[in-house]
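> what would the 3D arrangement of this be:
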Amino acid sequence: MMKIVSLILAAASLSTAMARELRYLAPAQKWVEALPVGNGRLGAMVFGAPVSERLALNDSTLWSGGPRDWNNPAAPAVLPQVRAAIFAGHYAEAEKLGKQMQGPYTQAYQPLGDLKLEFAGLTAPENYERTLDLERAVATVKFRDGGATFTREVFSSFPDQVIVVRLACSERGKISLGASLASQLRSESAAGGTDTLILRGKAPSHSEPSYVRNAKEPIRYDAGPDAEGMTFDLRVQALCEGGTVSCDGKTLTVAGADAVTLLISAGTSFNGYDKSPARAGRDPAVQAQAGLAAGKVRPFDELLARHTADYRALFGRVALDLGSAPEAAARPTEERLRRFAQGEADPELSALLFDYGRYLLIASSRRGGQPANLQGIWNDLMRPPWSSNFTININTQMNYWPAEVTNLAECHEPLLEFIGQLALNGRATAATNYGAHGWVSHHNSDIWRHTAPVGNYGDGNPVWANYAMSGPWLCQHLWEHYAFSGDRKFLRETAWPVMKGSAEFCLDWLVDDGAGRLVTTPSASPELGFLAPDGTKGTITKGSTMDLEIIWDLFTNCLETMAVLKIEPEFAQKIAAARAKLLPLKVGEGGRLQEWADDFKEQEVHHRHVSHLFGLHPGRQITPATPELFAAARRSLEIRGDDGTGWSLGWKINFWARFRDGDHAYTLVKYLLRPVGAKIEGTNYAGGGGVYPNLFDAHPPFQIDGNFAFTAGIAEMLVQSHTGELVLLPALPAVWPAGSVRGLRARGGFEITELAWAGGKLAGVTLRSTLGGECTVRSGERMVAIKTGPGESVKLDGSLARVK
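The predicted model follows:
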């Protein structure tokens, strides 16, 4: 049996290598056709034009604005009025009052600039190809012109903190170009010697969200001695082999070179979430120059080797084989998407998008940096969709669903650090806005760790702007990091103080519903309104199912934390008592899981959010062990429908995986792989999600969370561990009858070092325990209990019998 497993794993190595490349036969015309590279801080979108190349550049720390007081001291007086209106059933009045509890909008993630390369001497480029190699994290452009082969390679190096552009040719002396830097932000260029071009600039002091219409001054710059606004320094240096290089302050000119290495470095005045970037900022030139100084002492081959070694140490941990269709896999990516949508078999396309999600997480979230925002680290607009901020009523959390299970725990760290900083700011918000203990955050945040309700003091709809449960939801990520790793030091010193603070807020936020049960009030099911019994529309009420599920999740994780650490028995009793009094989840009309405490109808039956199924995923309250709720949740999802925005489709893959229905999960896989073309204007809230030509997730517009949800969903179809058991192949679709995966992780400190299936059934598995201990392994109707020591591995065959 293990021989069969080895053969399948060998096939996986070959087929996944074929699938791990995005390939195109023409340059990008639109931003969503360009190919992304990143090192967690510096990002670029590579367009690949032979004559007029463009690299759209980003720095993850470049945002508008600075720290400020966003809390609303008038809110505590309004809160009792909102609650009274809700309990009286006056929902329109409650909504109107709720707007008085809001604060300002968050700030916006900003584009850094463009590097433009104008090549001389090219006449008629042909045999064009551009690729993104997910095995090396390198974007490549190749073409022939005048009998010579030109090659460009672009990567963003984490160890050397520079973007590297390599220009090479099969014939000597053929590379001549002019390089220029430009930015949408206020900026000016200068020479930094004969081989370096510098662009210095400043970000706005404020940028209104893109959805704010008719703003008199949507983008503001401060002036004067106390002016706010982040500054930046962007540099490109040309290291030539042969030929000449010069710089006049506008253009960096290379003539007659054999090969050129361009080093791109940048710095901003960002000096921490709690410091003004203008008045207490760093000198951005120091960081920008340091990148060039470190990069130029290494030859290109060494820069590439250091980059690929660093990247592969993360990306190479997991390998997935879902089967092979060689003819399909050999086609360009856009053609593969079109043919797949028409029904052509291409299992490697699903594996490619799975790997792409892991690639994007490594490229946008690295140790010591910022979390991936709504667009990762890639943005070319000063007022990007939803400010490209941290949308923490689902989207930021979704970004990190694949982190632990796909063996990228290090990439989770920026979010975990963000949560701790959010908690510090959120204590002031909890006290000022609600007179509550602990800490709170709401719908949106930014690099300044904004924690107040947004809405511009009354312009936002409370159905989203006043959402107060993002803190408890974010705390789930702290617990999950421990659940997968077993790191008690992290749990005690980092996670627990933040989790406890969130629980303290929830204890104060909950109120008695008049029948002895605890509910949240005001409460919303994010972004979805309801119809009251008299037909009137409402947005905020009491006890939304999602709120109660999130608080149950937080309280349960807190109780398990206190049990593991053997701490705070009195607080544990308090939490246990409150959890027992939470309003139970209810089955409503038509067998559906109720979305609110009262059995209201939704204003949009097919709404993109399915918030009341949080307890199914990413929570663990609704499982096969709660059959009535499990069936009700399934009925709710059936009624909500399959279609949706890109990120919604990704969440639904995870839902159907938790229902252990692989064929239905695969239906959503197909939906998310729909090609939507390169049109980037406008927003579709109703549906039509899929992927752009460069495989970025399409809401539309671009949101990166759908990419990450897809990757997490594929992992969830193959391995689950949220119920306390390790379940293998819980949602395997019929279209993937044979395959394998290695490197996925499970809660309890287990790594699936080998997992193979054939004929739609488990063929064999090898598990390695990092912590040691007991585990129940399940596959179909079979189950076995195993016991291991730290670092030990166990091999099981398809019947779950041990293999020696």
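
> contacts for whatever helix or strand residue 335 lives in, please.
Under the criterion of DSSP states H and E, residue 335 resides in helix 333-341. Residues outside helix 333-341 that contact it (C-beta atoms under 8 Å, 6 or more residues apart in numbering): 22-24, 328-329, 331, 346, 349, 670, 673-675, 691, 693, 695. (Glycine included, C-beta is placed from N, CA and C.)

> show me the contacts for the residue nearest in space to the middle of the chain.
Central residue of the chain (C-alpha atoms, centre = their mean): residue 399, 2.1 Å from the mean position. Listed by C-beta under 8 Å, 6+ apart, the contact set of residue 399 reads 361, 365, 371-372, 376, 415, 704-705, 708.

> repeat the analysis, applying 7 Å as the threshold.
Residues in contact with residue 399 (C-beta atoms under 7 Å, 6 or more residues apart in numbering) are 372, 704-705, 708.

> ok, now which ones touch residue 240?
So residue 240 contacts 254, 257, 260 (C-beta under 7 Å, 6+ apart).

> can you pull the pLDDT of the second one?
Okay, so that is residue 257. On pLDDT, residue 257 comes in at 98.

> offset the numbering so it begins at 16, please.
Noted, 16 is the first residue going forward, which turns the last one into residue 272.

> that one touches residue 258, doesn't it?
Yes. Taking C-beta atoms under 7 Å as the definition, residue 272 is a contact partner of residue 258 at 3.2 Å.

> shared neighbours, these two?
What both residue 272 and residue 258 touch, as defined by C-beta under 7 Å, 6+ apart, is the set residue 190.

> neighbour-wise, which of these two wins?
More crowded of residue 272 and residue 258, by other C-beta atoms under 10 Å: residue 272, with 23 against 18.

> next, work out how far apart that one and residue 187 are.
Here the criterion is C-beta to C-beta, to the nearest Å. By it, residue 272 lies 9 Å from residue 187.

> which residues are in contact with each of these two?
residue 257.

> show me what whichever strand or helix holds residue 94 is packed up against.
Using DSSP H and E, residue 94 maps to helix 90-102. Counting contacts by 3 or more C-beta pairs under 7 Å, 6 or more residues apart in numbering; DSSP states H and E, helix 90-102 packs against helix 106-113, helix 424-449.

> including mean pLDDT and distance to residue 468, could those helices go into JSON lines?
Converted to JSON lines, the helices and strands packed on helix 90-102 look like this (pLDDT from 0 to 100; distance: least, C-beta to C-beta, whole Å):
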{"stretch": "helix 106-113", "mean pLDDT": "97", "distance to residue 468": "9"}
{"stretch": "helix 424-449", "mean pLDDT": "98", "distance to residue 468": "7"}
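
> now do the strands in the stretch 16-165 of the chain.
Under the criterion DSSP state E, counting those that start in this stretch, the stretch 16-165 of the chain contains strands at 36-39, 50-53, 57-61, 67-74, 128-134, 141-148, 153-160, 163-172.

> thinking again about what came up before, just the contacts of helix 348-356: which are in strands?
37-39, 706 (DSSP state E).

> now for those residues, which sits with the most neighbours around it?
Neighbour-wise, the ones in strands among the contacts of helix 348-356 (other C-beta under 10 Å) top out at residue 706, 24 neighbours.

> I'd like to know which helix or strand in this protein has the lowest mean pLDDT.
helix 17-34 (a mean of 40; mean pLDDT, DSSP states H and E).

> of all the ones in strands among the contacts of helix 348-356, which two lie farthest apart?
Taking C-beta to C-beta, the two most distant members of the ones in strands among the contacts of helix 348-356 are 38 and 706; they sit 15.0 Å apart.

> just the mean pLDDT for stretch 375-383, thanks.
Rounded mean pLDDT across stretch 375-383 is 98.

> and if you look at stretch 518-533?
What stretch 518-533 shows for mean pLDDT is 98.

> alpha carbons of that stretch, in PDB - could you do that?
Output of stretch 518-533 as PDB, limited to C-alpha atoms (Å, rounded to 0.1, in the frame of the first residue of the first chain):
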ATOM      1  CA  ALA A 518     -13.900  39.100  26.900                       C
ATOM      2  CA  GLU A 519     -14.200  41.900  29.400                       C
ATOM      3  CA  PHE A 520     -15.700  44.200  26.800                       C
ATOM      4  CA  CYS A 521     -18.200  41.500  25.800                       C
ATOM      5  CA  LEU A 522     -19.200  41.000  29.400                       C
ATOM      6  CA  ASP A 523     -20.100  44.700  29.600                       C
ATOM      7  CA  TRP A 524     -21.600  44.800  26.100                       C
ATOM      8  CA  LEU A 525     -24.100  41.900  26.700                       C
ATOM      9  CA  VAL A 526     -27.500  42.800  28.200                       C
ATOM     10  CA  ASP A 527     -30.400  40.800  29.500                       C
ATOM     11  CA  ASP A 528     -33.100  40.300  26.900                       C
ATOM     12  CA  GLY A 529     -35.900  40.500  29.500                       C
ATOM     13  CA  ALA A 530     -36.200  36.700  29.600                       C
ATOM     14  CA  GLY A 531     -32.900  35.900  31.400                       C
ATOM     15  CA  ARG A 532     -30.800  35.500  28.300                       C
ATOM     16  CA  LEU A 533     -27.800  37.600  27.300                       C
END
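
> residues making contact with it?
98, 445, 451-455, 483, 486-487, 534-536, 557-558, 566, 569-570, 573, 590, 593, 596-598, 612.
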